[in-house]
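Participant: here is the input, now give the coordinates:
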Amino acid sequence: MSDEIRENTAPEQDISEVRKVRKAKLAELVANGKNPFEEVSYPRTATAGAIRADYDAYEDKTVSVAGRLMSKRVMGKASFGHILDSDGDLQVYFSREDLGDTEYAEFKKMDVGDIIGVEGRVFKTKTGEITVHAAKVTLLTKSLLPLPEKYHGLKDPELRYRQRYVDLIANPEVKEIFVKRSKIVSAVREYLDGQGFYEVETPVLNTLAGGANARPFITHHNTLDVDMYLRIATELYLKRCIVGGFDKVYEIGRIFRNEGMDPKHNPEFTTVELYEAYVDYNEMMRISEGIFCHCAMKACGTLDITYQGQPLSLKAPWERLTMVDAVRKYTGLDFATGNLADLIAAANEMGLDLPADTTWGNALYKVFDSFVEEKLVGPVFVIDYPVEVSPLAKKKKDDPRLTERFEIFVTGKELGNAFSELNDPNDQRERFEAQMKAKAKGDEEAQPYDEDFVTALEYGMPPTGGLGIGIDRLVMLLTDSYSIREVLLFPTMRPLDRK
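Facilitator: Modelled structure (predicted):
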């Protein structure tokens, strides 16, 4: 949509004055028995997108269209304007000769931002613009506030996120992001359904906050008189489904973590988690590639994309790199053969502050997290994570310090996490106990001891592969959005009355 279409009739006026004038117009309409808020429906027969896509089918036909009046150019006995509906904008020609003196006068009193219905004939102007020649105009909703003025629009990010409804009107490219988001979520379901997975739903309110290392939000159930937690992951319930006999399950759901906010994090976000019996993390790599490629084709029409100026190819197979090899490649520290004390000292010289008694696994992970992650352009699977930071993953047979776990990295961001799932109840109990010890030492993100989950494993869970992908970060990648707030319709914001 052009800047002209987004024009504001009075950009310099104080908003309160504009509201006052428009309320007076509304009062006049009500007094004359024409309250626009009493309209309950409008029988549309076409949309802007449909008319533009197949003009020949609509040429010289009478249609009923409706949308927001985005511009109005009054030129005496005739006027032009544009309306914006759900799939585009459309020019409308208004004339006193066709509408009559009364209805044309009423049209001239309408404001940019009003929602109107137009009945008229479809034609092209001399300049070739598709237009509806109005024979009847109906005011459906009166706008009491002005839209952003045409040259500057709604640009302040803080205001855009708080007033997303105005952002969507003023900035059509923003709406396109959320159209793509819808396509991406649908594509995830389409792909997994096609692979034989069943979509299930698990509780959002939990008595324990498990399945991830994160701080939870706490609430209280009045009837039970117990504190409860908004879920930080869907993992443990989905694994219970595998124990119960489902071979393939997934859930797309909202996750809540009481943590910081930055361009990659929002306290509530969306993930897809999936679990498949009788496979390991290698199959999860194949499924990861499948999901990303399927979503890219649905949303972008190509596997060759650009993110923040960085060209990327999502074509499979992706690079696989062990964490030990990644650290060696980007820092020179060799955790495969090096002495732990020397490695800790070297890491501290690089800027870390690791205690002398740091374990091998924690030292490896800290170095990777601090110095390697941001350098990974990818897409790449970083595989084989230390057991200390992977309490729900199965140990590698040839090196019990490591687990069969990977994360997906693209342009320095982690977009997915997967395991060969731990199914040994005794090992799981020991991992939970280690987490509780960490919690006692002050680790607020350590996982609680979930006795019922251990009981479920004691009934027997088959070898299982599990995968979680951040939907928001996937959308960021496929819409070339720098901040997670760009892909959340209503991101978490600090209240205006709080500094």
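
Participant: what about the longest helix in this structure?
Facilitator: Secondary structure assigned by DSSP state H gives helix 172-194 as the longest helix of the chain.

Participant: the helix or strand following that helix pairs with which strands?
Facilitator: For helix 172-194, the following helix or strand on the C-terminal side (DSSP states H and E) is strand 198-199. Partners of strand 198-199 in the sheet, by DSSP bridges, are strand 248-256 (parallel).

Participant: contacting residues around the partner strand?
Facilitator: 185, 188-189, 192, 195-202, 204, 216-217, 230-234, 238, 241-242, 267-277, 471 (C-beta atoms under 8 Å, 6 or more residues apart in numbering). In short, each C-beta sits where N, CA and C put it, glycine included.

Participant: and these, which of them are in helices?
Facilitator: 185, 188-189, 192, 238, 241-242, 471.

Participant: what's the angle from the longest helix of the chain to strand 248-256?
Facilitator: Helix 172-194 and strand 248-256 meet at an angle of 150 degrees, taking axes from the mean of the first three to the mean of the last three C-alpha atoms, to 10 degrees as the criterion.

Participant: residues in contact with helix 172-194?
Facilitator: 1, 160, 167-168, 199, 250, 252, 270, 272, 274, 290-291, 294-295, 298-300, 469, 471, 474-475, 478-479, 481, 486-487, 489.

Participant: returning to what we had before: nearest to Thr47, of the ones in helices among the contacts of strand 248-256?
Facilitator: Thr47 lies nearest to Val185 out of the ones in helices among the contacts of strand 248-256, by C-beta to C-beta, at 23.1 Å.

Participant: C-alpha coordinates for the helix or strand Val475 falls within, PDB please?
Facilitator: Assigned by DSSP H and E, Val475 belongs to helix 471-479. Extracted C-alpha coordinates of helix 471-479, given in PDB (Å, rounded to 0.1, in the frame of the first residue of the first chain):
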ATOM      1  CA  ILE A 471       8.100 -21.500  16.900                       C
ATOM      2  CA  ASP A 472       8.700 -17.800  17.500                       C
ATOM      3  CA  ARG A 473      12.400 -18.200  16.500                       C
ATOM      4  CA  LEU A 474      11.500 -20.200  13.500                       C
ATOM      5  CA  VAL A 475       9.100 -17.400  12.400                       C
ATOM      6  CA  MET A 476      11.800 -14.900  13.100                       C
ATOM      7  CA  LEU A 477      14.100 -16.800  10.700                       C
ATOM      8  CA  LEU A 478      11.600 -17.200   7.900                       C
ATOM      9  CA  THR A 479      10.300 -13.600   8.100                       C
END
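
Participant: Ala347 versus Lys23, what's the distance?
Facilitator: Note on Lys23: its distance to Ala347, by C-beta to C-beta, to the nearest Å, is 65 Å.

Participant: do the same with Ala78
Facilitator: Ala78 sits 75 Å away from Ala347, going by C-beta to C-beta.

Participant: neighbour count winner among those two?
Facilitator: Neighbour count, other C-beta atoms under 10 Å: between Ala78 and Ala347, Ala347 has more, with 22 against 14.

Participant: which residues does the more buried one contact?
Facilitator: Going by C-beta under 8 Å, 6+ apart, Ala347 touches 333, 354, 363, 366-367.

Participant: just flag the most distant two among the residues you listed.
Facilitator: Leu333 and Leu354 (11.9 Å).

Participant: the two: which is more packed in?
Facilitator: Leu333 (22 against 16).

Participant: tell me how far that one lies from Ala345.
Facilitator: Separation of Leu333 from Ala345 (C-beta to C-beta): 10 Å.

Participant: before we move on, what about Arg231?
Facilitator: Going from Arg231 to Ala345 by C-beta to C-beta gives 41 Å.

Participant: more neighbours: these two, which one.
Facilitator: With neighbours defined as other C-beta under 10 Å, Arg231 and Ala345 compare such that Arg231 has more, 26 against 13.

Participant: residues in contact with the more buried one?
Facilitator: Applying C-beta under 8 Å, 6+ apart, we find Arg231 in contact with 202-206, 209, 211, 216, 253, 255-256.

Participant: what's the burial count for the closest residue to Leu139 other than its chain neighbours?
Facilitator: Once flanking residues are discounted, Leu139 sits nearest to Pro36: 4.5 Å by C-beta to C-beta, 6 or more residues apart in numbering. Other residues lying near Pro36 total 18 when counted by other C-beta under 10 Å.

Participant: distance-wise, check Leu159 relative to Tyr165.
Facilitator: Using C-beta to C-beta, Leu159 is found at 12 Å from Tyr165.

Participant: again with Phe368
Facilitator: Phe368 is 42 Å from Tyr165, by C-beta to C-beta.
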